[in-house]
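Undergrad: structure for this input, please:
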Amino acid sequence: MGLIWDDDVVRFVPESDPETWFDLKRELSSGDDDAVWEAVVTASVDTAEDVRVGFRVQMLNRERVRRSIVAWSYTHEGAPVEVNSQNVDRLDRATYAELVEEVDRLNPFTVRKPTTKSADGSSPTTAATAKRRKT
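TA: So this is what the prediction gives:
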C-alpha cells in the first residue's frame with residue numbers, strides 16, 4: 001500500500017446515534033501505531049538494573065479511536081466541533097463503544113515485530129540475544 005493518506009476514509013454511522021457520522025481512517029499508519037504505543041507504555045529507569053515498564057491499558061482504545069477519526073458531524077452552536085483528545089473524551093459511552101468496535105474491525109490490534117535489520121541481516125532482537133549468549 002505504501003503511504004496512508006487521511007482522506008482514505010470509511011464513513012461510519014453508529015446505531016446508537018444514526019444522525020451522527022464519523023470518517024475513520026481505513027488503515028492506521030506506522031506513525032499512528034507509534035503514537036498509540038507512546039500513549040499506552042510507560043517506562044522509568046532508576047538504574048541499569050532497575051527498569052520498570054507499565055501499560056495504561058485504558059489508553060489503548062482511546063488513542064486508537066482518536067487517531068482513527070478524521071472528521072465527524074458534531075457541531076456546537078452552529079460551528080463544527082474539532083476532532084481532538086478532549087472532544088473524543090466527551091463522546092457518550094454507547095457511541096464510543098461502537099467506535100472501538102469499528103476501529104478494531106478496520107485495524108485489528110497487533111503487536112508488531114521488528115522490521116529493521118542489523119548489519120548482519122538479523123533482526124535487532126535476534127542480534128541482541130545472540131550477543132548476550134556469546135558473553
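Undergrad: just checking, what packs against the helix or strand harbouring residue 61?
TA: Counting by DSSP states H and E, the element that carries residue 61 is helix 58-68. The contact analysis (3 or more Cβ pairs under 8 Å, 6 or more residues apart in numbering; DSSP states H and E) places helix 58-68 against strand 22-25, helix 30-40, helix 85-88, helix 93-106. The C-beta positions use only the backbone N, C-alpha and C, and glycine is treated the same way.
Undergrad: now do the first one: which elements does it pack against?
TA: Helices and strands touching strand 22-25, as assessed by 3+ Cβ pairs under 8 Å, 6+ apart, comprise strand 9-12, helix 58-68, strand 69-72, helix 93-106.
Undergrad: out of the ones you listed, flag the one nearest residue 25.
TA: Within those, the stretch nearest residue 25 is helix 58-68; the backing value is 5.1 Å (Cβ to Cβ).
Undergrad: so how far is that closest one off the chain centroid?
TA: Its chain's C-alpha centre and that of helix 58-68 lie 5 Å apart, by Cα atoms, centre = their mean, to the nearest Å.
Undergrad: to residue 84, which of the helices and strands packed on strand 22-25 lies closest?
TA: Proximity to residue 84, assessed across the helices and strands packed on strand 22-25 by Cβ to Cβ, is greatest for helix 58-68 (7.9 Å).
Undergrad: need the residues that contact the closest one.
TA: Helix 58-68 has contacts (Cβ atoms under 8 Å, 6 or more residues apart in numbering) with 24-25, 28, 32, 35-36, 39-40, 83-85, 88-89, 96, 99-100, 103-104, 106-107, 109.
Undergrad: now it and helix 30-40, what's the angle there?
TA: Angle, helix 58-68 to helix 30-40, by axes from the mean of the first three to the mean of the last three Cα atoms, to 10 degrees: 150 degrees.
Undergrad: buried sites along helix 58-68?
TA: Residues 59, 60, 61, 62, 63, 64, 65, 66, 67, 68 are the ones in helix 58-68 that count as buried (16 or more other Cβ atoms under 10 Å).
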